[in-house]
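Peer 1: this one's structure only:
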């Protein structure tokens, strides 16, 4: 089963659905849909220039749209009609892209997916406001469809939304604290790293899966199992992302510059492994390079040579694969056999074996 092709096939439909909820060009009608009747008068030109244009610049820069696809796979595995749930699949995806807009400012990045970051094109003020707006705009999908669901289902969905946004901020804050040079890698445990990943990258995957289960009115046990599987897949995605940062040959397809994580001082699973098995000299030197936040290729090469010396890539690959296999075993036991279930399994395999 070719998950890459499935994602490619779904992407245009997902993009079209996003446009249904976030206009590319606000006029009086779409502004009223978003905001209700004005007390005085909306400036739609300002809305377009300060919100719609930068938001769509971010959304159209690329992305695999795997979170909405995961949402729909869960719905399909729970025997639901996908057309009935398509609108809700975009909620975590819009939030995800909003986090990227803000993340690029926090990391002082130059490019995202091969083009200028939003703040480079539109300015920091507009980028921060646009990124923050993307955290809340998708909530409109739930608000406009609240008559479809019982109060108990809506309450669960709202509570999930709030809790996951809190988790996301904690994960991002932890990562910023670490790579800002405020804690060396030898002072971070592997368990702390995994918890950070569960919050930073696992959150929106878990949000996608659990929201699907809630809206499909699955029981709490199913919701918890799909959530655990999805958050694990998200962590595996992050680990593979870290691996690709130092191994990807096609940087344009990968969408990030060579050695970006080293420049940012990221404390990846591979770095932490060196801290547990490496020599004192190598650990000290790797910490030094990470804390420099360097742009020098020769220092990238030196850090990567240390990582490769201890076979950290192989360690991280095996670690991610084991995580996903264990999470899948739990989900496998509660989902009925179906093509949708096989698709979910193939999806998890794709996340840990992708090359871009």
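Peer 2: Right, received. Where do you want to start? Quantities reported herein were computed from a predicted structural model and do not represent experimental measurements.
Peer 1: What's the local residue count around residue 33?
Peer 2: Residue 33 has 14 neighbouring residues, counting by other C-beta atoms under 10 Å. Glycine gets a C-beta too; all of them are placed from N, C-alpha and C.
Peer 1: element containing it?
Peer 2: helix 28-35 (DSSP states H and E).
Peer 1: Who are the packing partners of that helix?
Peer 2: Other helices and strands packing on helix 28-35, by 3 or more C-beta pairs under 8 Å, 6 or more residues apart in numbering; DSSP states H and E, are helix 44-47.
Peer 1: for the helix it packs on, which positions count as buried?
Peer 2: Neighbour-count burial for helix 44-47, with 16 or more other C-beta atoms under 10 Å as criterion, is recorded at 44, 47.
Peer 1: And the contacts of the helix or strand just after that helix?
Peer 2: As assigned by DSSP H and E, the chain's next helix or strand after helix 44-47 is helix 53-59. Helix 53-59 has contacts (C-beta atoms under 8 Å, 6 or more residues apart in numbering) with 15, 18, 22, 24, 94, 97-98, 100-101, 112, 118, 121-122, 126-127, 130-131, 133-134, 137.
Peer 1: Name only those of the residues you listed that count as buried.
Peer 2: Listed as buried from those are 15, 18, 22, 94, 97-98, 100-101, 112, 118, 122, 126-127, 130-131, 133-134, 137; burial here means 16+ other C-beta under 10 Å.
Peer 1: Narrow these to those in strands?
Peer 2: Among the buried ones among the contacts of helix 53-59, the ones falling in strands (DSSP state E) are residue 112.
Peer 1: can I assume residue 73 is in contact with residue 347?
Peer 2: Yes: counting by C-beta atoms under 8 Å, residue 73 touches residue 347, with 6.3 Å between them.
Peer 1: ok, these two, which is more surrounded?
Peer 2: More neighbours surround residue 73 than the other of residue 73 and residue 347, with 28 against 20 (other C-beta under 10 Å).
Peer 1: Enumerate every residue touching that one.
Peer 2: Contacts of residue 73 (C-beta under 8 Å, 6+ apart): 340, 343, 344, 347.
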